[in-house]
Every structure is written in structure tokens, then in C-alpha cells.
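Engineer: Take a look and give me a structure for this.
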Amino acid sequence: MIGALHGYAVAQLQNELFMAGAGLGVLGLAAAVLRRLGRHLGSLLRSRLIVTITIHDRDGLFDCVERWLHAHSYAETRCRNLRAKGERKGRRTILLLSPGPGWHLLRHRGTWIVLHRKTVGGDDDARTQQEHLEIRGLWRDRAILRELLEEAADRYGRTDPDGVAVFAPDGFGDWQQISCVARRPLATVILPEGVAEDLVADARAFLNGRDWYRERGLPYRRGYLLSGPPGTGKSTLVRAIAGALDLDLCLLSLSMPDLKDRLLQELLCTAPNPAILLLEDVDAAFKGRRADKEAGSGLSFSGVLNALDGVAAQEGRILFMTTNHPERLDPALIRPGRIDRSILLGLCDETQLRRLFLTFFPGEDLLAARFAERIGGGVASPASVQAHLLLHRESASAAAHALFAATAPKIVATDADVGIARSMAPLI
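Structural biologist: A predicted model of the protein is given here:
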């Protein structure tokens, strides 16, 4: 009897333990389902109600937003987690404070905005790390977020609103603004009459002709080749055209270390647009169709051609190539369709010499004429003449009559430059 009662009690206890375990299991399952359902609902609500804009540190907009945050009252007064950044201004270093890593809540034009700053990528290698800014707001405030970014870009996108933003590839294969240079007035680029003005008119017609190209099924790209001896104003002309058209300037060297076909194609596809893309000294990267290993080129000739006008090539792009030796370029590189116009910028003719002199000494027409006559056309580059005039900028008479002692090696044309041998006569 006692044994039966003991067995019954044990069975009851086991049954209660089983029921308790089952109950706990059900509760755990229910909690897991609720957690998963909560995450799903939270994700659904965020996707429907929250707008998130992500900005990467390799994007030019990142610095603009960081400057905008620096000027915001939140960074000035309420933020307790700050990121410090030093910026050179002449000989001074300006301190910029902006919200640091983590979550931040700030107000803009009566709307609450959530900011999340985080670092992603390799923990052991700073080169692979990237910093992201996430700006979040309610779906109804999407226009406010867009206005915030546009305001940051307009206010801080250029250090000089009247300058030309210059971009170059960084070490990660992205474009980065490296400077903002003053616009060069077209009239200060002393070239043969009408050359600069004609190029600007041609490029402006291209920029305004997108529909015309599309209607005719033509690739919407324009290419120019500037050739001539060193110091004839090729790069200066491109800078002046960029300023005249209010375009950014993207610099790319085909001899850049570690530049491969795939990277070149990505850079040409992701360059700021509209902008002028400048490939300087294109003859230095190739000898015919073979890469110049001494110049460090890792490109193939076919890779360059595909990047310039292949299926994935960027539309709306203006391309300028410069070279000191056009005879070294393979015809396939500069065929029509890749290069639409080829302009030779030679050594100064007498008209250019007079104009250069009058740029430094307005009104000195007689001295300018004597200056040009003594030098003669086809002898001096604009850069070397400018160097001489700068040396004697205090006196028009001295500039016109002084010897070219210091600048003679630069101002005398060589056989390689112009195919002739002429010696520079002293200006006495």
C-alpha cells in the first residue's frame, strides 16, 4: 500500500514537472515568436515611416555635411560626444567640431532628425575603414532631409564660390576634391586669335545639345586633343574653359601607380558629371599600343579604349587629352568619335608676343611691337615669355630690352619641340 502511494506520488510529481517544462517551453516559444514579430513589425514600421539617407566618407558630400553639422547649434552647445578635425587655412589650423560616433538627436527647421555616425570595415587596417553618416527622419519630412543636404552642398561644397573644384582619384579608387582653384579669365590665356573662344562655344553647344544627340542616336560625349611643346598653355586653357562653363575639373594620369583596366573604367564611369575630364600627357603611358613599363603604367591599350567609349562609358562627359608628342599616339586612341577636335598649340607668333607684353604693360604698344619683332614668331613658348616678363615686371623698358640670360634655356625652342633649329638673339 505504501509502495503504491509512493509510486503515485512520484508519477504525479513527474507529471507536474513535465507540465511545468512544457509550459516554460511554450512561454519561451511564444517569447521568441513575439520577439521575431516585434523585430518584423519594427522593421516594417521603419521601412514605411522612417527615411534613412546614408553618406559615405569617400563622397564629396560627406565633408559638406560635416561642416554643416559643425555650424549647427547642436554641435556648439548640446552635443557631448564630438569629433575634432583640423583644417589648414594659410598658416593657421582651424578647429572643426562635429557630432562623434554614435546616435544624436537634433532639430532642423522645426523637425527632429536622428543622426547616426559609425565606422565600418577592417578593424586592423585603417585603410579599409569607412565612416558613414546616416540621417533619419519621418517619411513626411523627406523634403526637409533633401533641403538639408542641398543646403550643405551649396554652402560648403566649394571653398570659393567663384572657383573651379578640382577632383582626383584617392587611394581607394574614388574621386575626391583636392582643391578649389580660382577661375582663369579666358582673355588671360594668350593663344592665337579665336582659339579659346571657339573651343568654349563648341563645348557649350555640346552641353546644350543632349536632346539633339539622343534624337540621332549619337553617343553623348565630346573629346578634344590639345598638343604642342611644353609651356604652350594646354592645361591652363582647360582650366579656363572649366571656369567659363562653370564645370568641375577631374584630373587623371594614365601613368598613375596601380591603375588597371577595371579601375580606369570605374573612375571614368563615376567621375563627377557634368565635368571636364583631363588626361594629361597621354603619350607617357604608352609606346604605340604597348604600356610604358618605365612610366609605371599597368593598363592595356584595349582597356583604355573601352573605358573611353565602351558600352558602359559615361554620357555627358567632356574629355580633354594633352600631349607634347602627338606623333607618338596610336591613331586608334585619337580617331573621330573618341577625339572630335584636335588643336595644336604652338610657340608664340608675333601677335601673341605683343598681347603677352601688353598684358603686363598696358598701353606700351611701341615697346610691345619691338619686343615681338626682336624675339620673332615660332621661337618662344608662352610660359617662357611670361617668366621673362615677370622677372622685369617693374619696367616695360627693361622687359623689352633686357637679355634673356636666366630664361634662355626655357625660351629657346629645341629641334624636338618645333623641328627647327633657331637660336635666341639677345634683346638689346
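Engineer: Run through the bridge partners of the residue most central in space within the chain.
Structural biologist: Geometric centre of the chain, nearest residue: Phe167, 2.6 Å, by C-alpha atoms, centre = their mean. Using DSSP bridges, the beta-bridge partners of Phe167 come out as Gln177, Cys250.
Engineer: now Glu134
Structural biologist: Going by DSSP bridges, Glu134 forms beta bridges with Thr54, His116.
Engineer: May I ask you to confirm that it is in contact with Val120?
Structural biologist: No. Applying C-beta atoms under 8 Å, one finds Glu134 not in contact with Val120, separated by 11.1 Å. Where you see a C-beta, it was placed from the backbone N, CA and C, and this is true even at glycine.
Engineer: neighbour-wise, which of these two wins?
Structural biologist: Glu134 (14 against 11; other C-beta atoms under 10 Å).
Engineer: Could you check how far the nearest residue to Ala312 once chain neighbours are set aside is from Asn306?
Structural biologist: Excluding its sequence neighbours, the residue lying closest to Ala312 (C-beta to C-beta, 6 or more residues apart in numbering) is Cys269, at 5.8 Å. Computed with C-beta to C-beta, to the nearest Å, the distance linking Cys269 and Asn306 is 11 Å.
Engineer: ok, those two, which is more surrounded?
Structural biologist: More crowded of Cys269 and Asn306, by other C-beta under 10 Å: Asn306, with 17 against 14.
Engineer: Please give the element, helix or strand, for that one.
Structural biologist: For Asn306, the host element (DSSP states H and E) is helix 301-309.
Engineer: in the stretch 51-200 of the chain, which spans are strands?
Structural biologist: Per DSSP state E, counting those that start in this stretch, the stretch 51-200 of the chain carries strands over the ranges 82-89, 92-99, 102-108, 111-120, 130-138, 163-169, 175-182.
Engineer: Those: which one's closest to Leu278?
Structural biologist: When these are compared by C-beta to C-beta, strand 163-169 sits nearest Leu278, at 9.4 Å.
Engineer: Dump the strands of the stretch 51-200 of the chain into a markdown table; add mean pLDDT and distance to Gln314 as well.
Structural biologist: As requested, these are exported to a markdown table (pLDDT from 0 to 100; distance: least, C-beta to C-beta, whole Å):
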| stretch | mean pLDDT | distance to Gln314 |
| --- | --- | --- |
| strand 82-89 | 78 | 31 |
| strand 92-99 | 83 | 32 |
| strand 102-108 | 90 | 34 |
| strand 111-120 | 88 | 28 |
| strand 130-138 | 86 | 24 |
| strand 163-169 | 85 | 14 |
| strand 175-182 | 81 | 12 |
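Engineer: Return the most buried member of the ones you listed.
Structural biologist: Across those, averaging neighbours per residue (mean count of other C-beta atoms under 10 Å) puts strand 163-169 on top, at a mean of 20.
Engineer: what comes into contact with that one?
Structural biologist: With C-beta atoms under 8 Å, 6 or more residues apart in numbering as the contact definition, strand 163-169 has outside contacts at 60, 157-158, 175-183, 239, 242-243, 247-252, 256, 267, 271-272, 275.
Engineer: Residues touching stretch 325-334, excluding its own?
Structural biologist: Residues outside stretch 325-334 that contact it (C-beta under 8 Å, 6+ apart) are 225, 227, 282-283, 286-289, 301, 304-305, 321, 323, 339, 342, 344.
Engineer: Give me the mean pLDDT for it.
Structural biologist: Stretch 325-334 shows a mean pLDDT of 87.
Engineer: number of nearby residues for the nearest residue to Glu350 once chain neighbours are set aside?
Structural biologist: Using C-beta to C-beta, 6+ apart and skipping residues adjacent in sequence, the residue nearest Glu350 is Ala372, 4.2 Å away. As a burial measure, Ala372 scores 23 neighbours (other C-beta under 10 Å).
Engineer: Please give me every residue in contact with Ala372.
Structural biologist: Counting by C-beta under 8 Å, 6+ apart, Ala372 has contacts 350-351, 353-354, 357.
Engineer: Going by neighbour count, which of these are buried?
Structural biologist: 350, 353-354, 357 (16 or more other C-beta atoms under 10 Å).
Engineer: quick one on the thing from earlier: among the contacts of stretch 325-334, which lie within strands?
Structural biologist: 225, 227, 286-287, 321, 323, 342, 344 (DSSP state E).
Engineer: Could you work out the most separated pair of those?
Structural biologist: Going by C-beta to C-beta, the pair spanning the ones in strands among the contacts of stretch 325-334 furthest: Lys287 and Leu344, at 21.8 Å.
Engineer: circling back to that earlier point, save the buried ones among the contacts of Ala372 as a markdown table, and put in distance to Asp141 too.
Structural biologist: Converted to a markdown table, those look like this (distance: C-beta to C-beta, whole Å):
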| residue | distance to Asp141 |
| --- | --- |
| Glu350 | 65 |
| Leu353 | 62 |
| Arg354 | 62 |
| Phe357 | 61 |
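Engineer: Cheers, nothing more for now.
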